[in-house]
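Q: Model the structure of this input:
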Amino acid sequence: MKKIGVVGSINMDMTVLAERIPLKGETLKGENLRYIPGGKGANQAVAMAKLGAEVEMFGCVGDDDAGQKLIANLRDVGVETRNIRVMPQTSTGLAIITTGENDNTIIVVAGANDCVDIAYVESVREKILECELILLQNEIPQETIAYVVDLCRVNGVKVLLNPGPARPVSEELIEKLTYITPNEHEAVILFGKERTFEEMMAQYPEKLIITQGSRGVSVCLKNGAILHIPAFKANVVDTTGAGDTLNGAFAAAVTRGEPIEKALMYANTAASLSTEKHGAQGGMPTDDEVCQAMNTRD
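A: Alright, predicted model coming up:
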């Protein structure tokens, strides 16, 4: 089995429900306080592990209770964790989420995720290079992302960048990637609003994959045709983590040799299934569940 690596964020999500989003200076009563494992990197690692892939997580947590719980959670679902570094006198990454009236506000405290630096990457260099594919996201320092991309490029390791949260990425960096998977909002930040999504994808055939939520996912094939795969019909309960599920499922599928069309159909189905349960990681499906859903789709 080919190994997939994730170099990215590991967060604890603290969620609280309120009657609405509070105004500036206002205090509201909250309820249903929950601490849920998160971080885009960890979410994608969990998605792949639940789908049966061999996955190793590279990242940092703080020397606190949250860090230990997050490592244990990753290990429990089958992610290799031995090279996650526990940073002394540092807090684990935290996302503080207030939800109310079908809306939310999120404050992200990077904490130990900022310690995923070039020195850390060098310390796990050989383990990274054992992987067939590396997944990256924008919740670790930008210079680390560029360094990992160059390291993998020189050594023949494929790289998938999920460019969220959105921030500009150089054309030079994009050229070095195997895949880049923005959503529509991120695609505009990356490539500007002057071009259509079809024109963007045509510039990077079978590299630029644009996700569109409930409308599905699109890519330009090498023959110039635009492939659009509509979303699998789902009874949506919670969309949190659907994008991370799609990225993880796509990485798992292409690493085991699936052609891009079948890999995207598999990924889109997995993402849709993940919306039928609460929580980012809790809703992520198994390979059997995805394959069964794809059979009904056919």
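Q: Show me where the protein has its strands.
A: Along the chain, the stretches classed as strands by DSSP state E are 3-7, 11-18, 30-38, 54-58, 60-62, 85-87, 93-100, 103-109, 133-137, 158-162, 179-180, 209-211, 217-220, 226-229.
Q: These: lowest mean pLDDT?
A: Between the strands of the chain, the one with the least mean pLDDT is strand 103-109; it has a mean of 81.
Q: so what's the most centrally placed residue in the chain closest to, chain neighbours aside?
A: In the chain, the C-alpha nearest the mean C-alpha coordinate belongs to D244, at 3.6 Å (CA atoms, centre = their mean). Of all residues not flanking D244 in the chain, N43 sits nearest, at 3.7 Å (CB to CB, 6 or more residues apart in numbering). C-beta: built from backbone N, CA, C; applies to glycine.
Q: so that neighbour touches L246, yeah?
A: No: N43 lies out of contact with L246 (CB atoms under 8 Å); the separation is 10.8 Å.
Q: Give the buried residues for stretch 133-144.
A: Buried residues in stretch 133-144, counted by 16 or more other CB atoms under 10 Å: 133-141, 144.
Q: got CSV for those, with distance to N223 too?
A: Listed next are the buried residues of stretch 133-144 as CSV, based on distance: CB to CB, whole Å:
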residue, distance to N223
L133, 24
I134, 28
L135, 27
L136, 28
Q137, 30
N138, 31
E139, 35
I140, 36
P141, 38
T144, 36
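Q: And those residues, which two are furthest apart?
A: The most widely separated members of the buried residues of stretch 133-144 are L133 and P141, with 21.1 Å between them, by CB to CB.
Q: low-scoring pLDDT stretches of the stretch 151-298 of the chain, where are they?
A: For the stretch 151-298 of the chain, the stretches with pLDDT under 70 are 297-298.
Q: what ranges do the helices span in it?
A: For the stretch 151-298 of the chain, the helices defined by DSSP state H, counting those that start in this stretch occupy 171-176, 184-191, 197-203, 242-255, 260-274, 287-297.
Q: quick one on the thing from earlier: now do the same contact list for the residue nearest to D244.
A: N43 makes contact with 241, 244-245, 248, 280-281 under the criterion CB atoms under 8 Å, 6 or more residues apart in numbering.
Q: just those residues now: which is nearest V169?
A: Using CB to CB, these come closest to V169 at D244, 18.5 Å.
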